[in-house]
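**Student:** Build me a model:
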Amino acid sequence: MSLLTILDAELAFGLQPLLDRASLTVQAGDRIGLIGRNGTGKSSLLNTIAGRIELDDGEIKRKEGLSIAMVEQEPALPPAPTLRASLALRGKIETHVSAHDDRERWRIEARLIEYMHRLGLDEAADPAELSGGERKRGALALAFALAPDLMLLDEPTNHLDIDGITLLEELLAKQTLIVITHDRAFLDRVTTRIVELDRGLLRSYPGNYSAWEARRAVELAAERTAARKFDKFWQQEEAWIRRGIEARRTRNAGRVERLERLRVARAARRDSIGRVKLAVDAGERSGKLVTELTDVTKRFGTTLIVDRLSMRILRGDRIGLIGPNGAGKTTLLRLMLGSLEPDQGTVRSGTRVQVAYFDQMRAALDPDKTLIETISPGSDWIEIGGERRHVMTYLGDFLFPPQRAEAPIGTLSGGERNRLLLARLFAQPANLLVLDEPTNDLDIESLELLEATLQQYDGTLLLVSHDRAFLDNVVTQTLVAEGNGVWREYVGGYSDWVRQRIGTEDDASNASNTSNKGGGVAARPAARAQRGKLSYKEQRELIALPAEIELLENEQRVLAERMNQVGYHRERVGRIKSDRLRIEEIEHLIAAKFEQWSALEARSRADQGFTLS
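**Tutor:** You can find the predicted model right below:
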């Protein structure tokens, strides 16, 4: 059943249209992941669906009586003595439930209390004193309590720890929703359809994020090929009309009109948005030892953050810190860097260590300074890896146009501030990168480029992140908060830790053998997780392979139909040869992908305890 239909929607702020005759239908049971670059208008689209922004043109048809609940990126809670009272007031504002609707109000309040408890919230907390994560969980609790027909979620995983994200995934399993998120693991686990907002248009793809990746790669390649052919033809026509007086005498009126249409189409075509260009200068090589902690203990009041932790961080280590909000991940980073003194124990720093620190609170950014002053104070030039570059060019690598270079930082969006902080961070040579929640507010494309950059980084990396896919793709070991100040080290990324943790929980004797005296870090496991288990990347490949095979088979069928047409033998020799080579190539690709799919499927079944007869 259709809940909502968007027809030929147009919306613009300034010269760039966010929606350009965009259309979309939302069915009951859809769980739609809305993706696209920062600034393309995803949040604006959610606000138009919620009725908070009017379209410039087009229409939105809603099912009669459709109820919608929206959780914004930074939810605002009305002033009230307690969190429960604040959420009840927010719910009354959103749903217009009056005091006379006692039965409905009681149902909502009962569900609100239930979801507040499930999300770990204190009903009596002062809403003015809440953290960003607590405000987000409060708004989510209210959205679930309202039991809407359609839920709109704008970056719901921001400020949530991994346990909170996995709980949210479970709660959303039976909802109809549209969600904006950069968390690819969340998209893979929650969504049934991906809708991409790209240059004003909405493109819908069945399946989750991994399936979308496979299909979109083929589409983008075809789009680039078509654009190159268009440009070549247009340039030929432009050259023809400029050949001089003799050519102009023989002009064909129809050809001139066609050229005018080509010029209009060329001007109207909006090319793909640019990509952020990242490069990290690892600077001078540090000594083999980066930092060493010996029996380090740290408390804040009665809360034990670190309990007698001993570990060594060596050059080239890539460590991800995992733990719930409040576990002390940022505190532990500061202890490692020597910017915070331990209550007990010692911290020894290595030689020639150059640190670059990405702060999740963005404290390094002065809102009154301009972008240029932040990146290169007092100079128009910047030196990176021995190369001298103009600061405008460098800012352009991070998608900041020249007209924004003199803008104050206070006018930037969250995603723009993150990009600027990365630009500032990577402008300095560093053999120790410390990244505290670098993925917040980054779009998926920038996130994947940051991943690729860090994978090629030669220095040492300390990373705090709740993004499971990012951890899997970047770190080689994890340091996990296990409660009561205990931190334990595991080989591999997030998925490897989960598998090792499950094995540890199933075998109490193993757990005691891997814990060290005094609650410090355990000895590193001798080997990575079992080879038979699928990594996160392999799980994504397994999900995407059927769609990839289908696309190849479709291309094979189209080519075969063309080659069987009457008169095909009169085609150019080069075209016939190219088609035959491509047919052969597709056959090999399909065979290889089937073999890969079979192998991954067999390993997946074995991992789950299934066997084939």
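
**Student:** Could you pull up the contacting residues of the spatially most central residue of the chain?
**Tutor:** Most central in the chain under CA atoms, centre = their mean is His182, positioned 2.4 Å from the mean C-alpha point. Going by CB atoms under 8 Å, 6 or more residues apart in numbering, His182 touches Glu155, Thr439, Asp441, Leu442, Asp443, Ile444, Leu447, Asp467. Quick note: C-beta positions are derived from backbone N, CA and C, even for glycine.

**Student:** and the residue lying closest to the first one once chain neighbours are set aside, helix, strand or coil?
**Tutor:** Right, the one you point to is Glu155. Closest residue to Glu155 apart from its sequence neighbours, by CB to CB, 6 or more residues apart in numbering: Gln73 at 4.7 Å. State at Gln73, reduced to three classes by DSSP: H, G, I helix; E, B strand; the rest coil: coil.

**Student:** what does stretch 371-390 rub up against?
**Tutor:** The contact list for stretch 371-390 (CB under 8 Å, 6+ apart) reads 279, 281, 365-366, 391-392, 394-395, 400, 404-407, 409, 420, 423-424, 426-427, 429.

**Student:** shouldn't Ile165 be in contact with Thr157?
**Tutor:** Yes: shown here, Ile165 and Thr157 form a contact pair, counting by CB atoms under 8 Å, at 5.0 Å.

**Student:** shared neighbours, those two?
**Tutor:** Common neighbours of Ile165 and Thr157, using CB under 8 Å, 6+ apart, are Asp183, Phe186, His466.

**Student:** roughly how far apart are the second one and Ile162?
**Tutor:** So that's Phe186. With distances taken as CB to CB, to the nearest Å, Phe186 is found 11 Å from Ile162.

**Student:** So for the two, which residue has more residues nearby?
**Tutor:** When neighbours are counted by other CB atoms under 10 Å, Phe186 and Ile162 differ, and Phe186 comes out ahead with 25 against 21.

**Student:** Is the more buried one located within a helix, as I assumed?
**Tutor:** Yes: assessed by three-state DSSP, Phe186 belongs to a helix.

**Student:** and whatever helix or strand Ile583 lives in, how far out from the chain's middle?
**Tutor:** Here Ile583, judged by DSSP states H and E, is contained in helix 573-607. Here the centre of helix 573-607 is set off from its chain's centre by 30 Å, with CA atoms, centre = their mean, to the nearest Å.

**Student:** With stretch 543-557 instead?
**Tutor:** With CA atoms, centre = their mean as the basis, stretch 543-557 stands 25 Å off its chain's centre.

**Student:** mind listing what's buried in it?
**Tutor:** By 16 or more other CB atoms under 10 Å, the buried positions in stretch 543-557 come out as Ile543, Ala544, Leu545, Ala547, Glu548, Ile549, Leu552, Glu555, Gln556.

**Student:** so Leu321 is in which element?
**Tutor:** Using DSSP H and E, Leu321 falls in strand 318-322.

**Student:** Need the residues that contact that strand.
**Tutor:** By CB under 8 Å, 6+ apart, strand 318-322 touches 162, 313, 329, 332-333, 460-465, 471, 474-481, 493-494, 497.

**Student:** And the strands in the stretch 351-500 of the chain?
**Tutor:** Here the stretch 351-500 of the chain has its strands, by DSSP state E, counting those that start in this stretch, at 355-358, 381-384, 387-390, 432-436, 460-464, 477-481, 487-491.

**Student:** could these go into JSON lines alongside distance to Glu104, mean pLDDT and mean neighbour count?
**Tutor:** Shown next, in JSON lines, are these (distance: least, CB to CB, whole Å; pLDDT from 0 to 100; neighbours: other CB atoms under 10 Å):
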{"stretch": "strand 355-358", "distance to Glu104": "47", "mean pLDDT": "85", "mean neighbour count": "20"}
{"stretch": "strand 381-384", "distance to Glu104": "60", "mean pLDDT": "80", "mean neighbour count": "15"}
{"stretch": "strand 387-390", "distance to Glu104": "62", "mean pLDDT": "83", "mean neighbour count": "12"}
{"stretch": "strand 432-436", "distance to Glu104": "44", "mean pLDDT": "91", "mean neighbour count": "23"}
{"stretch": "strand 460-464", "distance to Glu104": "43", "mean pLDDT": "94", "mean neighbour count": "24"}
{"stretch": "strand 477-481", "distance to Glu104": "42", "mean pLDDT": "94", "mean neighbour count": "21"}
{"stretch": "strand 487-491", "distance to Glu104": "48", "mean pLDDT": "92", "mean neighbour count": "23"}
